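Engineer: fold the following.
(chains A and B)
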Protein chains: 2
Amino acid sequence: MIVGIIGIGLIGGSMAIDLKRRGYAEKVLGVEKEPVNAEAALRIGLVDEVVGVEDCIDRSDLIVISIPVGAAVKLLPQVLDRFKGKGYDDKIVIDTCSTKSQITRSVHYHPYRGRFVATHPMAGTEYSGPWAAEPNLFDGRAVIFANAEESDPKALAIVEGLYDTLNMRPTYMNADNHDVHVAYVSHISHVTSFALALTVLDKEKDEKHIFDLASGGFSSTVRLAKSSADMWVPILTQNRDNVLRVIDTYIDKMKLFREAIANYDEKAIAELICEANKIKKIIR
Amino acid sequence: MIVGIIGIGLIGGSMAIDLKRRGYAEKVLGVEKEPVNAEAALRIGLVDEVVGVEDCIDRSDLIVISIPVGAAVKLLPQVLDRFKGKGYDDKIVIDTCSTKSQITRSVHYHPYRGRFVATHPMAGTEYSGPWAAEPNLFDGRAVIFANAEESDPKALAIVEGLYDTLNMRPTYMNADNHDVHVAYVSHISHVTSFALALTVLDKEKDEKHIFDLASGGFSSTVRLAKSSADMWVPILTQNRDNVLRVIDTYIDKMKLFREAIANYDEKAIAELICEANKIKKIIR
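Structural biologist: Model (predicted):
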């Protein structure tokens, strides 16, 4: 199988590595609009060739769109349009974006909708670009198939095989539910990290040595604040309503803490912390 | 040297391990009010003996107070009082608490003030109790000496030797400045993690499977929410004014995000994220 990857960054590049060395792809074609990234992808050996978008669509059996979701929503219909010249069963396209409502809506009525499989591999780091790609990134993590019933069963099976090669655990979900869930377990974490970084950086303007004291706890809490605007601006705007709802709940919780601390109310603080501790039953 | 450790939890227990095996302490006495913890400390071999507080003070050359800061503020004057019966140079007491203003104030005028060295080793995990103790916990991390000029130079030198044995980098700081700094680089991280846990746990009441989707980013951001109320209630109340100031700045930053997202203002979101990204220059 020839796999074409549009966007050779953290996700696309990491997929390229494992799909090739685990034998799922006999050849990997890459599309990368940034020349410096394209050159790096070739030099690191993530892809066999860097080609143009149309060339990639024409020559690949399976196309992976792994670019920021704003651009992906524009590109996907163009990819399906180009499938029209071929036999219906010839090609498959998937995306790997972190929001699923808008991208599935964008091609809902497309005559080649069945050849698209909407997926969200829940893996990654706070880094981006081809240099961030790494082997085994996806092993053991969850992958969500959104609105899988809108994809052709044969196309779906092939994509399930792809994620099986990556050792991912498949979960099936409605696209709108997906976007609610990721607002809670991913998007809000990024917003809280960004806000934490901004808070501490503000203080740092006056106090140059403040970070000498930063311990491991701070580093892990603020880690996601290194994530790129290119990726996160479209996620946060596309998932606006869900994200706003979670931010509001979050600010309410912060205010409960603020009030309890302001009142020296040790009992209330202890209750909030004990309730928060229940997260132990859920994450390691 | 005989070292007495009052409170054999994560910090006290980890110190006991490394001070003994690295030869700083020939014997480690432990004080632990929870019988189950005391038994565990002996069984794991963290301390040589579990003794009462007075026995510990009388038999130890150096006493480490590593209990929650509320209890530590009450205990410290009692320890110094008991030093009175001995020669002035006989004994030293240190604390390892995360806030320093109140504990240094509590003995500022004590005639044996010089025999107390206020320290804050900036190391730890989100776990607590003797089971959480581990070797090499402190290696390479920072330790703060607060108001070191109020300690006798000889006592200070001996405690510097203790932290040198633990491979910690010493920093010297006024107690009030310390409390401002840790509000930014430690206490706020804990409050944001607690609030994040509460936010997501709220949602979980309706959606049982939400955590199937939790990725590594969520886990690292929420990790500190496992921290114990015993430790954190006194920290947050003792450092109330600083913590409230940081919480207010933090809520302001969250509201900037909220407004930019609500307005679909991609430029404003991108600016906030790019500013937050500057945290890269500071933490790995």
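Engineer: and for the residue nearest to residue A:141 when sequence neighbours are not counted, the neighbour number?
Structural biologist: The shortest distance from residue A:141 to any non-neighbouring residue, by C-beta to C-beta, 6 or more residues apart in numbering or on different chains, is to residue A:123 (4.3 Å). Every C-beta, even on glycine, is put in place using the N, C-alpha and C of the backbone. The number of residues packed near residue A:123 is 23, by other C-beta atoms under 10 Å in any protein chain shown.
Engineer: so residue A:123 makes contact with residue A:137?
Structural biologist: Yes: taking contacts as C-beta atoms under 8 Å, residue A:123 lies within contact range of residue A:137: 5.3 Å.
Engineer: shared neighbours of these two, anything?
Structural biologist: Common neighbours of residue A:123 and residue A:137 (criterion: C-beta atoms under 8 Å, 6 or more residues apart in numbering or on different chains): A:11, A:14.
Engineer: residue contacts, the residue nearest to residue A:141?
Structural biologist: A:11, A:14, A:137-138, A:141, A:168, B:215-216.
Engineer: backbone dihedrals for the residue of the stretch 1-150 of chain A found nearest chain B, please?
Structural biologist: In the stretch 1-150 of chain A, the residue found nearest to chain B is residue A:122; the distance is 4.5 Å by C-beta to the nearest C-beta. When read as degrees, to the nearest 10, the backbone of residue A:122 gives phi -90, psi 70.
Engineer: what separates it from residue B:224, distance-wise?
Structural biologist: 22 Å (C-beta to C-beta, to the nearest Å).
Engineer: count of residues packed around the nearest residue to residue A:161 once chain neighbours are set aside?
Structural biologist: Once flanking residues are discounted, residue A:161 sits nearest to residue A:24: 7.3 Å by C-beta to C-beta, 6+ apart. Using other C-beta under 10 Å, residue A:24 has 20 neighbouring residues.
Engineer: list the contacts of residue A:24.
Structural biologist: Residue A:24 neighbours (C-beta under 8 Å, 6+ apart): A:1, A:3, A:161-162, A:165.
Engineer: check the secondary structure at it for me.
Structural biologist: coil (DSSP: H, G, I helix; E, B strand; the rest coil).
Engineer: low-confidence ranges in the stretch 51-200 of chain A?
Structural biologist: Within the stretch 51-200 of chain A, the set of residues satisfying pLDDT under 70 is empty.
Engineer: got the residues of it near chain B?
Structural biologist: For the stretch 51-200 of chain A, the contact set with chain B under C-beta under 8 Å from any C-beta of the partner chain comprises A:122-126, A:141-142, A:144, A:171, A:180-182, A:184-186, A:188-200.
Engineer: now, those residues that are in helices?
Structural biologist: Counted as lying in helices by DSSP state H, out of these, are A:180-182, A:188-200.
Engineer: show the buried residues in those.
Structural biologist: Buried by 16 or more other C-beta atoms under 10 Å in any protein chain shown: A:180-182, A:188-200, out of those.
Engineer: for the ones in helices among the residues of the stretch 51-200 of chain A next to chain B, which one is nearest residue A:261?
Structural biologist: residue A:199 (16.1 Å; C-beta to C-beta).
Engineer: who's in contact with the closest one?
Structural biologist: The contact partners of residue A:199, by C-beta under 8 Å, 6+ apart, come to B:184, B:188, B:246, B:249-250, B:253.
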